[in-house]
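Chemist: what's the 3D shape of this:
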Amino acid sequence: PGYYGEGLNAIIVFAACYLPDSNLADYHYIMENLFLYVISSLELLVAEDYMIVYLNGATPRRRMPGLGWLKKCYQMIDRRLRKNLKALIIVHPSWFIRTVLAISRPFISVKFINKIQYVHTLEELERLIPMEHVQIPDCVLQ
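Modeler: This next block holds a predicted model:
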């Protein structure tokens with residue numbers, strides 16, 4: 001995580017290129033435990049406002065989480081965590097990600113939908129957040 005603003009609010013960077021391949025035999029077990037790890041980390045990190053930067057670039061389709069997993073994550077996130085999220089920035093959004101979010105609209109609150117921002121380049125991201133506190137993986141930089 002990095003920080004932004006006067007109050008040093010958290011920026012959580014999530015790089016999809018590091019997600020496990022969906023062809024793995026124990027994929028569902030891994031994703032379940034990954035989700036629990038992410039939620040427990042958020043609970044510890046997030047006392048105030050925060051933002052999530054989701055780096056979608058350089059991610060093959062087989063590494064992208066499925067709609068069911070994303071829906072479950074959203075439903076299990078505590079109300080306080082959803083409320084304190086100021087922005088979900090999706091960098092290099094693919095057609096798949098935009099489609100998943102469009103399909104998900106009926107299940108997601110309007111307040112949450114309004115927090116989602118699509119960013120198409122790292123330069124555009126740099127205009128939104130201080131990049132000196134954000135580590136971008138090499139796979140995304142390329």
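
Chemist: and the helices in this structure, which stretches?
Modeler: Defined through DSSP state H, the helices belonging to the chain, from first to last, are 27-45, 67-76, 79-84, 95-104, 110-113, 122-128, 138-141.

Chemist: quick check: buried residues in the fourth one?
Modeler: Judged by neighbour count using 16 or more other CB atoms under 10 Å, the buried positions of helix 95-104 are Ile97, Val100, Leu101. In this view, the C-beta of every residue, glycine as well, is placed from N, C-alpha and C.

Chemist: nearest to Glu123, of those?
Modeler: Of all these, Ile97 has the smallest distance to Glu123: 19.7 Å, by CB to CB.

Chemist: mind listing what the residue most central in space within the chain touches?
Modeler: Nearest to the centroid of the C-alpha atoms of the chain, with distances taken as CA atoms, centre = their mean, sits Tyr54, at 3.8 Å. Applying CB atoms under 8 Å, 6 or more residues apart in numbering, we find Tyr54 in contact with Phe14, Ala16, Leu88, Ile89, Ile90, Val91.
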